[in-house]
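Participant: sequence-free structure coming up:
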């Protein structure tokens, strides 16, 4: 880093507006050895081997997306680590947490190690992992030692080794997680209620998109949220509610927070921008679980977002093939949206509209995710932190073109939407990975993010 007596760093970003301590300042960023060396006015920055002009654009912390299905393995035909992390970088996301409902399911130390092996030489952004809850309590410790950041519980279907219908089994598991200081992220839908309603609808010959919404009702979410809060209170486990979609579910989370329980929650862009009224318009492309809810529910989510009751915005990036999304029967359509490339553009548009402040957006997409999941030295623009940076052009107007996604799933209900505000550069560990929509780095820029890692 020295040339004679002059200080030389790797890279200098200049002529930008940098989001630091809740506000934008005109400053530059010096990057050295993967980390932020200094944030200061240009005259106070060291010399550098490489200079990059930010052209007056805004620099925010790289997004930390805590809800991503990168597929690969037996589901590589839908997505893999290579395409999924390129898609992340294209969307301004620098760290992702990979969900465990894979083939095979990630639910043991061995399965996690096998999953990690798939990332070698393939990832453009940082990747951390969830594990499903294993059948053996002893396996929990081994999974954590292997580096899993959190566990995922699906209450809508049996995935993993713990019987999701047994409060006793879940409570015993949660006590272990609580003692270990490991979070559990929950897909909160009542499996029995969904299956009962689905059978009734199918017997009556219903095969429309509204029927899917009726099966995956607000009541199904409310029941599961209430159950999980009760178990959280009994075990003191750290609970994170994934993709809340209803006013009813949200109200119970709010009450749990008011009681002082260790509870956090997230919402997705598709639950913020789409409602059940859009199902006929977008068809299978808008089939997700939890389902899209009413306009009143959407308004409640936005109100909670502004009031501070929602902690995180995450994509729930869940790519499928075009055939899986356009199946003849709504009951055969695979639920999920490829959302990692549209998350930030959609939210920047709302910042420009005045519906959200930039500070709120950074807190919801970078600061809080890193803090809640204990991802060290990421999520903030701060000296000594990893140089995970996203440069955004707040004035740039553009139109979403799903055919140009880096994801293998090149379709979206947001296809054709006109927006203002776009990520134009993504830096991961100090390396420029995306510039003007093009991936300009080689894979292996990203790192594995493990529990307790500095």
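Facilitator: Sure thing, it's come through. What you are looking at is a predicted structure, and each value in this text was computed from that prediction instead of being measured.
Participant: strands of the stretch 301-450 of the chain, residue ranges please.
Facilitator: 312-313, 389-399, 418-428, 431-435, 438-439 (DSSP state E, counting those that start in this stretch).
Participant: can you list the strands that the third one pairs with?
Facilitator: Partner strands for strand 418-428, per DSSP bridges, with pairing direction: strand 389-399 (antiparallel), strand 431-435 (antiparallel).
Participant: ok, now which ones touch residue 364?
Facilitator: Going by CB atoms under 8 Å, 6 or more residues apart in numbering, residue 364 touches 305, 310-313. (Each C-beta comes from the backbone N, C-alpha and C, glycine too.)
Participant: buried ones only from those, please, as a ChimeraX command.
Facilitator: The buried subset of these, as determined by 16 or more other CB atoms under 10 Å, is captured in ChimeraX by this line:
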select :305,310,311,312,313
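Participant: so can I have TSV of the contacts of residue 364 showing pLDDT and distance to residue 131?
Facilitator: Below are the contacts of residue 364 laid out as TSV (pLDDT from 0 to 100; distance: CB to CB, whole Å):
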residue	pLDDT	distance to residue 131
305	97	29
310	99	25
311	99	22
312	99	19
313	99	23
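Participant: of the contacts of residue 364, closest to residue 261?
Facilitator: If you rank the contacts of residue 364 by distance to residue 261 using CB to CB, residue 311 comes first, at 13.2 Å.
Participant: ok, and the closest non-adjacent residue to that closest one?
Facilitator: Here the nearest residue to residue 311 in space, its sequence neighbours aside, is residue 264; by CB to CB, 6 or more residues apart in numbering that works out to 4.3 Å.
Participant: tell me which element the one you found is part of?
Facilitator: Here residue 264, judged by DSSP states H and E, is contained in strand 263-267.
Participant: what is the next helix or strand after that strand packed up against?
Facilitator: Using DSSP H and E, the helix or strand that directly follows strand 263-267 along the chain is helix 269-273. When contacts are defined as 3 or more CB pairs under 8 Å, 6 or more residues apart in numbering; DSSP states H and E, helix 269-273 packs onto helix 295-307, helix 343-353.
Participant: ok, now with 10 Å
Facilitator: Counting contacts by 3 or more CB pairs under 10 Å, 6 or more residues apart in numbering; DSSP states H and E, helix 269-273 packs against helix 295-307, strand 312-313, helix 343-353.
Participant: please identify the most buried of the strands of the stretch 301-450 of the chain.
Facilitator: Comparing the strands of the stretch 301-450 of the chain by mean neighbour count (mean count of other CB atoms under 10 Å), strand 312-313 comes out on top with a mean of 27.
Participant: run me through the strand neighbours of that one, direction for each.
Facilitator: Applying DSSP bridges, strand 312-313 is found paired with strand 263-267 (parallel).
Participant: so which residue is smack in the middle of this structure?
Facilitator: With distances taken as CA atoms, centre = their mean, residue 65 lies nearest the centre of the chain, 2.8 Å away.
Participant: what strand or helix carries that one?
Facilitator: Residue 65 belongs to strand 63-68 when assigned by DSSP H and E.
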